[in-house]
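J.: sequence unknown, structure follows:
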């Protein structure tokens, strides 16, 4: 292919959800709408785990892949993919992670983290494990001393239930914030993994970008840009509705380096320190 030349066919790869047939139908509808919006012939491939999807992006079997933020960040740093758009959910394209305790707990600040039982989602969860721990390490917290037990509950809801019923002292979960000049931190939490429970936030970290639509580095830039423009401008169109059904996205924004850089630096610091 001549450099800069557009491709005429595109393969979109996703990891299927617990409803594979529903996911395949939604993927087919999305590909049809993207095809109509771009003029490319677009078809979908689904069913992998993320490691296999990355391999398919690297070999060119897949041109566009839907990736979680940590996977996208690491693949981007290795020049395997190029992020093109981020989904917007609840009016934002990123979120934060928080370490929290029940309001009636004596745990109030970082210095109180000594010998605790910590509730996490799982070891691959950005908001429920990886980013919060990387943040604590970056500010000098000895994780082995802070947490005598690391308990994994599989979901943000189960983490909250464990913390609130006293099975864990602290928990980590996602939080969505919006600017609020009257708040001491300049922003307030509008939604979090603990729902409406009464909790105290010990510390926050982030931002964490939403999932990423990334292109294989084999895809010509002109093709990437055409797909990017179609998704960002999809709005209340057939493509926008198909993206909502498949990805839960109410819209898209262009993926910029500042979306991934804070997370990349935090994780790089953690990995360099072992």
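T.: That came through fine. No experiment lies behind these values; they were computed from the predicted model shown.

J.: Against residue 86, how distant is the nearest residue to residue 116 once chain neighbours are set aside?
T.: Excluding its sequence neighbours, the residue lying closest to residue 116 (CB to CB, 6 or more residues apart in numbering) is residue 169, at 4.2 Å. Every C-beta, even on glycine, is put in place using the N, C-alpha and C of the backbone. Taking CB to CB, to the nearest Å as the measure, residue 169 falls 34 Å from residue 86.

J.: Look at those two and report which has more neighbours.
T.: Taking other CB atoms under 10 Å, residue 169 and residue 86 do not tie; residue 86 has more neighbours (27 against 23).

J.: Double-check that that one belongs to a helix.
T.: No: remark: residue 86 does not belong to a helix; assigned using DSSP: H, G, I helix; E, B strand; the rest coil, it is strand.

J.: Touching, it and residue 208? I think so.
T.: No: at 10.9 Å, residue 86 does not count as touching residue 208 under the criterion of CB atoms under 8 Å.

J.: Overlap of the contact sets of those two?
T.: residue 94 (CB atoms under 8 Å, 6 or more residues apart in numbering).

J.: show me the contacts for residue 96.
T.: By CB under 8 Å, 6+ apart, residue 96 lies in contact with 127, 174, 175, 176, 177, 204, 205, 206, 207, 208.

J.: Helices along the stretch 51-200 of the chain, start to end?
T.: Remark: helices assigned in the stretch 51-200 of the chain by DSSP state H, counting those that start in this stretch are 69-77, 131-138, 143-146, 156-164.

J.: Which stretch among the ones you listed approaches residue 8 most closely?
T.: Set against residue 8 and scored by CB to CB, the helices of the stretch 51-200 of the chain come closest in helix 69-77, at 25.0 Å.

J.: what separates that closest one from the chain centre, distance-wise?
T.: Relative to its parent chain, helix 69-77 has a centroid offset of 10 Å by CA atoms, centre = their mean, to the nearest Å.

J.: In it, which residues are buried?
T.: By 16 or more other CB atoms under 10 Å, the buried positions in helix 69-77 come out as 69, 70, 71, 72, 73, 74, 75, 76.
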